[in-house]
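Enquirer: Here's a sequence, model it:
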Amino acid sequence: MHERDNVAIVANDGGLPAGSVLASGLKLVDTVPQGHKVALVDLAQGDAVLRYNVAIGTALRDIAAGSWVHERLLQLPAACGLVDLPMPGDGRTLAPEPLPPLEGYTFEGYRNADGSVGTRNILAVTTTVQCVAGVVDFAVQRIRSELLPHYPNVDDVVGLEHSYGCGVAIDAAGAEIPIRTLRNITLNPNFGGEVMVVSLGCEKLQPDRLLPPGTIPLVDGRDVGGGGVGAGPAFDLVCLQDEAHVGFLSMIDSILATAKTHLQRLNVRRRETVPASELVVGVQCGGSDAFSGVTANPALGFCTDLLVRAGATVMFSETTEVRDGIAQLTARAASAEVARAMIREMAWYDAYLQRGHADRSANTTPGNKAGGLSNIVEKAMGSIVKSGSAPIAGVLSPGEKVQQRGLIYAATPASDFICGTLQLAAGMNLHVFTTGRGTPYGLAQVPVIKVATRSELARRWHDLMDVNAGTIADGQASIEDVGWELFHLMLEVASGRKQTWAERWKLHNALVLFNPAPVT
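Expert: Numbers count the residues shown, from 1 in each chain. Purely as a prediction, here's the structure:
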């Protein structure tokens, strides 16, 4: 990956057997699986092992050239400190230059009354507590089968179900994170400003706490959520414990009647041509392998730069998977204020992990290691490249909504489901997800474009992967080629002209709210 590296990975399908001779003349001492590292030179005990020109560990014993270098031979380096990091204004770091504009690209989206743009036209049913999930799921199935066929311009109906709402210390420090997350998901651009809530009645997360007055903006003197000015909450509420409900089916009837009003309004919406700057893209990786930082993530990083140049918003996340590259990130901050905000989020997460007697090394999975990633440092170096090279314009704490364009660091845990949920809350209207080991991950609320790191995975999961970045490792395409392919596909998917495989199969993971506060 860099001329100073003293290890390389084996790209060959199936790996290479001991005795194989590389083009450089190096002979393999061990059989090395695909994606795993081989020592290019003799390494003495204590020597730094370099990949991406970064010390991903130190050798625990002497390692001969041609040997398989795996996680059991490496000592994890200490985490980078959070003081004296490079940032604009420190007298030694140049402020990053903005990328040149990229003009003329558009997609067909749904313009919302608040100015945001959706890529889909979906009725969302917000829930205040897990207790109502079964009822809402039953109602959603009825809405899909009985009502949706009469509203052909509405793409889907989804229940925003979650595990929060009661049995929690709702006033404790950290409880604001799941509450604002659910609030901001409710206002996601793909839901068209139509706000419909189902509550139980006795839960801690009462509807007016979830959506207090002023949460939903007024447009032309009308509450976006459907209520009149001065008529109470700016959303339609179905409370299951309401005395008017006699029997289960009366609850379902209330939900369907309420849904019908929102479906009628959503159905009159039409796509219109909007600039690519209206995209709000969340980027994420899951089931990562050693190819993630070679193929899919660099291609996505190139695409990220294209999007930023076009004026769009791109969010990268996964705190533990960028923590070891914090010095790279602060040096790219658009201002010292942005750099300090990133440091604040890293410090908060360090403390959160310490409370559980854990650290960032807990991140890597058996699949990551089977795919050649020895530890979190190596994983982080491959993860960061999703963010491209643009200046980092802003930082979001978990659950916050994005308010600016450009490249944004949205702080989230690295869990696929929690990260995706928090990016939804931030206002994401399109999701890109790279994977090396393979995952059927998807979201009901936004299209998810899946990018395979390896051609073998793309062939085997031909009806789950949308883009094959493995062509880069195969020598059939460049990073730039795949980046442009992804950029054009995003415009097609955002316009509704193409569906992702996850959409076709309706593969939807649950929303998982991040709750660092106590559960009672």
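Enquirer: Could you list every helix and strand that the helix or strand containing residue 353 packs against?
Expert: Assigned by DSSP states H and E, residue 353 belongs to helix 336-355. Here helix 336-355 touches helix 326-331, strand 392-396, strand 406-410, going by 3 or more C-beta pairs under 8 Å, 6 or more residues apart in numbering; DSSP states H and E. The way it works is simple: take the backbone N, C-alpha and C, and place the C-beta from them, glycine included.
Enquirer: Low-confidence regions, the stretch 301-450 of the chain specifically.
Expert: By pLDDT under 70, the stretch 301-450 of the chain has no low-scoring segment.
Enquirer: now swap in the stretch 151-300 of the chain and tell me
Expert: In the stretch 151-300 of the chain, residues with pLDDT under 70: 217-234.
Enquirer: if you set the cut-off to 90 instead, what comes out?
Expert: For the stretch 151-300 of the chain, applying pLDDT under 90 flags the ranges 213-234.
Enquirer: can you check the stretch 1-150 of the chain too?
Expert: Residue ranges of the stretch 1-150 of the chain with pLDDT under 90: 95.
Enquirer: Strands along that one, start to end?
Expert: Secondary structure of the stretch 1-150 of the chain (DSSP state E, counting those that start in this stretch): strands at 7-9, 37-39, 48-51, 54-59, 68-69, 74-75, 106-111, 117-118, 122-127.
Enquirer: buried ones in the first one?
Expert: Of the residues in strand 7-9, those scored as buried under the neighbour-count criterion (16 or more other C-beta atoms under 10 Å) are 7, 8, 9.
Enquirer: my guess is residue 35 meets residue 372, correct?
Expert: Yes - contact status for residue 35 versus residue 372: in contact at 3.3 Å, counting by C-beta atoms under 8 Å.
Enquirer: Report the set of residues contacting both of those two.
Expert: 9, 289, 290, 291 (C-beta atoms under 8 Å, 6 or more residues apart in numbering).
Enquirer: got a list of what the closest residue to the last one other than its chain neighbours touches?
Expert: In space, residue 291 comes closest to residue 453 once its chain neighbours are excluded; the distance is 3.9 Å by C-beta to C-beta, 6 or more residues apart in numbering. Residues in contact with residue 453 (C-beta under 8 Å, 6+ apart) are 288-289, 291-292, 294-297, 434-436, 469-470.
Enquirer: ok, so of those, who is nearest residue 272?
Expert: The closest of the contacts of residue 453 to residue 272 turns out to be residue 434 (C-beta to C-beta; 30.7 Å).
Enquirer: Just say helix, strand or coil for the closest one.
Expert: strand (DSSP: H, G, I helix; E, B strand; the rest coil).
Enquirer: Please report the distance of it from residue 510.
Expert: Counting by C-beta to C-beta, to the nearest Å, the gap from residue 434 to residue 510 is 21 Å.
Enquirer: Mark which of the shared contacts of residue 35 and residue 372 are buried, thanks.
Expert: Applying 16+ other C-beta under 10 Å to those, the neighbour count classes 9, 289, 290, 291 as buried.
Enquirer: Can you classify the last one by secondary structure?
Expert: In the three-state summary, residue 291 is assigned as coil, counting by three-state DSSP.
Enquirer: wait, it sits on residue 454?
Expert: Yes - using C-beta under 8 Å, residue 291 makes contact with residue 454 at a distance of 5.3 Å.
Enquirer: Quick check: neighbours shared by those two?
Expert: The contact sets of residue 291 and residue 454 overlap at 35, 436, 470, 473 (C-beta under 8 Å, 6+ apart).
Enquirer: of all those residues, which comes closest to residue 319?
Expert: Nearest to residue 319 among the shared contacts of residue 291 and residue 454, counting by C-beta to C-beta, is residue 436 at 20.4 Å.
Enquirer: what's near enough to touch that closest one?
Expert: By C-beta under 8 Å, 6+ apart, the residues touching residue 436 are 35, 287-292, 296, 371, 452-454, 457.
Enquirer: what about 10 Å?
Expert: 35, 285-297, 367-368, 371-373, 382, 451-454, 457, 469-470 (C-beta atoms under 10 Å, 6 or more residues apart in numbering).
Enquirer: what do you get for residue 57?
Expert: Residues near residue 57 by C-beta under 10 Å, 6+ apart: 47-51, 69, 71, 73-77, 374-375, 377-378.
Enquirer: excluding its backbone neighbours, what's nearest it?
Expert: What sits nearest to residue 57 in space, not counting adjacent residues and going by C-beta to C-beta, 6+ apart, is residue 74, at 3.3 Å.
Enquirer: From residue 288, how far out is that neighbour?
Expert: Distance from residue 74 to residue 288, by C-beta to C-beta: 17 Å.
Enquirer: Kindly report the same for residue 296.
Expert: For residue 296, the distance to residue 288 equals 9 Å [C-beta to C-beta].
Enquirer: Which one's more surrounded, those two?
Expert: Neighbour totals were compared for residue 296 and residue 288, and residue 296 leads with 36 against 29 (other C-beta atoms under 10 Å).
Enquirer: The more buried one touches residue 437, doesn't it?
Expert: No - using C-beta atoms under 10 Å, residue 296 makes no contact with residue 437, being 11.9 Å away.
Enquirer: chain center to stretch 396-415, what's the gap?
Expert: 10 Å (C-alpha atoms, centre = their mean, to the nearest Å).
Enquirer: Span of that stretch from start to end?
Expert: End-to-end span of stretch 396-415 (C-alpha to C-alpha, to the nearest Å): 17 Å.
Enquirer: What of stretch 445-458?
Expert: End-to-end distance of stretch 445-458 (C-alpha to C-alpha): 25 Å.
Enquirer: which residues are in contact with both of residue 296 and residue 437?
Expert: Counting by C-beta under 10 Å, 6+ apart, the common neighbours of residue 296 and residue 437 are 288, 289, 453, 454.
Enquirer: Distance of the first one relative to residue 456?
Expert: Residue 288 sits 16 Å away from residue 456, taking C-beta to C-beta as the criterion.
Enquirer: got the contact list for residue 391?
Expert: Applying C-beta under 10 Å, 6+ apart to residue 391 gives the contacts 88, 95-99, 308, 332-335, 338, 406-407.
Enquirer: ChimeraX command to pick out the buried ones of the residues you listed?
Expert: Buried subset of the contacts of residue 391, written as a ChimeraX selection, criterion 16+ other C-beta under 10 Å:
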select :88,96,99,308,332,333,334,335,338,406,407
